[in-house]
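Participant: Here is my input, please return the structure:
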Amino acid sequence: MIAGGRTFVIGDVHGERALLEALLAALPFIAPDDTLVLLGDYVDRGPDSQGVIALLRRLPEQTAGKVVLLRGNHEDALLEAVDGAGAGFLLPPSNGVAACFHSFTELPPPAAGEGMVAAEHFARYLEPRLWLPAPVVRWMDALPLWYRDAHATYVHAGLEGEGSAWFLPERSSAKSLLWQREPDFFTGYGGPPLVFGHTPTSDLPPADPTRTRPWHRGTLFGLDTGAGKGGPLTCLELPDHTVRQAFPDGRVETSTLA
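Facilitator: Okay, here's the model as predicted:
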């Protein structure tokens, strides 16, 4: 085994606590020299953002190895909304923030035809500081933007650069690390091993709407396999490239990345 032990990397969770629990239960014992990395986007879309965050906040105390929890763009957008950046990220239904709101407030979902949030709660929804607990905000704000170990570098979305020239994360902007989806990153990156989430693997080249597996090209690995949108939650083990996936129908499958 490589010095420093194994690294288990989990892609975007998006409020799917049941999938996260099933996936964690399927992992081998995380030994003291192992590392567990999650790539961010713990909230929105799925039914239990509150439960996911509660689980993750306890995880370092319950794990013998090191636990690294990165910030995703969804956490970042909520932090900006708490700071008064406006409702721009909250309004598109595809962002799934209403599911996060209902999870933290424990309010029932709106009636059919009523929109994302019931009319009497909509003003509150537009002010996340009124429903996102202060300890959760502080926890999100402390999440790092990248991590590196003996096996790879880990970011939520990507790096700053263009073509085949990409900065290391310590020289990349926070916006690139959290939001980047430049096509030439997926086709042109050729640096050291890098693992990312954020962009669904079904959209990575060549796009395949049926893809629910992790994606890789050379030293680049994508792990957002669609949790929160009906897809599985995925863990990649390094250095041996074992793949474990928890599916919404209850299946947990183990394979090797081809």
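Participant: by contact count, what packs against the helix ranked longest in the chain?
Facilitator: When every helix of the chain is counted residue by residue (DSSP state H), the longest turns out to be helix 49-62. Contacts defined by 3 or more CB pairs under 8 Å, 6 or more residues apart in numbering; DSSP states H and E place helix 49-62 against helix 17-26, strand 66-69, helix 97-105, helix 134-141. (C-beta placed from N, C-alpha, C; glycine too.)
Participant: in the next helix or strand after the second one, what counts as buried?
Facilitator: Moving toward the C-terminus from strand 66-69, the next helix or strand (DSSP states H and E) is helix 73-82. For helix 73-82, burial by neighbour count (16 or more other CB atoms under 10 Å) applies to N73, H74, E75, D76, A77, L78, L79, A81, V82.
Participant: possible to save the residues you listed as CSV with distance to A18 and pLDDT?
Facilitator: Listed next are those as CSV, based on distance: CB to CB, whole Å; pLDDT from 0 to 100:
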residue, distance to A18, pLDDT
N73, 23, 98
H74, 19, 98
E75, 20, 98
D76, 25, 98
A77, 24, 98
L78, 22, 98
L79, 26, 98
A81, 27, 97
V82, 27, 97
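Participant: and of the residues you listed, the nearest to G250?
Facilitator: Of all those, H74 has the smallest distance to G250: 25.5 Å, by CB to CB.
Participant: where does that closest one sit relative to G11, distance-wise?
Facilitator: 13 Å (CB to CB, to the nearest Å).
Participant: now swap in L220 and tell me
Facilitator: 14 Å.
Participant: who's more crowded, these two?
Facilitator: G11 (32 against 22; other CB atoms under 10 Å).
Participant: From H151, how far out is the more buried one?
Facilitator: 16 Å.
Participant: same deal with T199?
Facilitator: Distance from T199 to H151, by CB to CB: 21 Å.
Participant: picking up where we left off before, in the longest helix of the chain, what counts as buried?
Facilitator: Applying 16+ other CB under 10 Å to helix 49-62 flags S49, Q50, G51, V52, I53, L55, L56, L59 as buried.
Participant: For the second one, list the residues it contacts.
Facilitator: Okay, so that is Q50. For Q50, the contact set (CB atoms under 8 Å, 6 or more residues apart in numbering) comprises S103, F104.
Participant: Look up the pLDDT of it for me, please.
Facilitator: On pLDDT, Q50 comes in at 98.
Participant: tell me the contacts of the closest residue to G188 other than its chain neighbours?
Facilitator: Residue nearest to G188 in three dimensions, not counting chain neighbours: S164, with 4.3 Å by CB to CB, 6 or more residues apart in numbering. Residues in contact with S164 (CB under 8 Å, 6+ apart) are D184, G188, Y189, G190.
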